[in-house]
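S.K.: Generate coordinates for the sequence data below:
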Amino acid sequence: MRGYMKSFHLFCILGIFSISGCSPEPLLVDNNPVPLYEGVPTVLVDAYITRVFIDLIGREPLMIELENERAALRAGALSMGSRQELVTRLMGGDPEYLPLYDRKLTDDMAGRFLNGFSQEAMEAQIETNLAMATQDSLQGNIIAYLYWTDEALRMERTMMASAEYRANTINWREVSRRYCDNIFYDEINMNSFNFVNATFDDLFGRYPTEAEFEQAYAAVEFNAPSILFGTAISNASEYLQALVGNGEFDESAVRWWAERLLVRSITDAEMVSWKQTVGANVDIRALQALLITSDEYADF
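M.R.: Next up, the predicted model:
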């Protein structure tokens, strides 16, 4: 028993010594907190910068850009604020990146809605439509002239949607509507049956119910008065407005962008939170900034 007590006392002494005597106390300096990310290796910082560049402007950083951004992030202790500064620059805060961000957003939307038709393809289509309009005008075919002129305008509005959105001229609902309202989308989803199913799938991530399809098809195909989501519609234009104005559109937009950036499914709780982030106009830029500056995305 006495031997056991001696061992116990020795164990306690050693334990106390190891806690108080062998472990150095942290050095704390007033107004200079220890950075939370000071141990993050350079390879992870560079990987983060590269990923941000690719996701926001569609290319890897140049060596000088990588070095400058790495230095800026290190100077900011890899904080959320320093990451936000990087995101802001690439989203157009730096004029050099402004057209690149617009182009990347256009490419992302074209990939989602238009089978990847490039901006050059859109420009070529506009030129073709205007040439057709000019030819019909010279021949005195006013109806055809108006048709091809309208097709050119629809395509131009689609192509300019990303830049106008970034400039706060239009909101994300209008951006998405335009990508369903152009000659490329019409050709990909020919006839009203395919158009209705495609717009539901592209904007909501699901196909319409039988009742929804009947109302939508009647409006799109026959310009017949219908009710969709409690909204009166009587043509394709009003139909698209009803889709992008519905709350289900908000959830689908958040889900598509969040899962694309995080490369995983999102939870119901995240959906609730991030719908508040994007707000009533579904500000996708706010969601991009929130997710790209997160530790999960950065992998720090």
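S.K.: My read is that residue 239 contacts residue 218, right?
M.R.: No - counting by C-beta atoms under 8 Å, residue 239 stays clear of residue 218, with 9.8 Å between them. Placement of C-beta: from N, CA and C, glycine included.
S.K.: Can you pick out the residue with more neighbours from the two?
M.R.: residue 239 (24 against 20; other C-beta atoms under 10 Å).
S.K.: Does anything pack onto the helix or strand hosting the more buried one? Which helices or strands?
M.R.: Residue 239 is part of helix 236-244, with elements assigned from DSSP states H and E. Applying 3 or more C-beta pairs under 8 Å, 6 or more residues apart in numbering; DSSP states H and E, one finds that helix 236-244 contacts helix 172-179, helix 191-204, helix 210-222, strand 226-228, strand 231-233.
S.K.: Can you tell me what sits against it?
M.R.: With contacts defined as C-beta atoms under 8 Å, 6 or more residues apart in numbering, helix 236-244 is touched by 173-174, 176-177, 180-181, 195-196, 199-200, 203-204, 216, 219-220, 228-229, 231-233, 249.
S.K.: Can you give me the buried ones in that helix?
M.R.: The neighbour-count check on helix 236-244 (16 or more other C-beta atoms under 10 Å) flags 236, 238, 239, 240, 241, 242, 243, 244 as buried.
S.K.: Residue 56: which of these is nearest?
M.R.: Among the buried residues of helix 236-244, residue 244 lies closest to residue 56 (C-beta to C-beta), at 23.9 Å.
S.K.: quick one: the closest one from residue 190, how far?
M.R.: Residue 244 is 22 Å from residue 190, where distance means C-beta to C-beta, to the nearest Å.
S.K.: One more: residue 99?
M.R.: 33 Å.
S.K.: So if I had to pick from those two, which one is more boxed in?
M.R.: Per other C-beta under 10 Å, whichever of residue 99 and residue 190 has more neighbours is residue 99, with 13 against 10.
S.K.: what sits against the more buried one?
M.R.: Neighbours of residue 99 in contact, by C-beta under 8 Å, 6+ apart: none.
S.K.: Equivalent analysis for residue 103, please.
M.R.: 57, 58, 119, 162.
S.K.: Give me the pLDDT value at it.
M.R.: Confidence at residue 103, expressed as pLDDT, is 96.
S.K.: now swap in residue 38 and tell me
M.R.: 78.
S.K.: Tell me if I am right that it is in a helix.
M.R.: No - assessed with DSSP: H, G, I helix; E, B strand; the rest coil, residue 38 is coil; it does not lie in a helix.
S.K.: how about the strand or helix carrying residue 54: buried residues?
M.R.: Using DSSP H and E, residue 54 maps to helix 42-57. For helix 42-57, the neighbour count (16+ other C-beta under 10 Å) marks 45, 46, 48, 49, 50, 51, 52, 53, 55, 56, 57 as buried.
S.K.: Right, I'll call it a day here.
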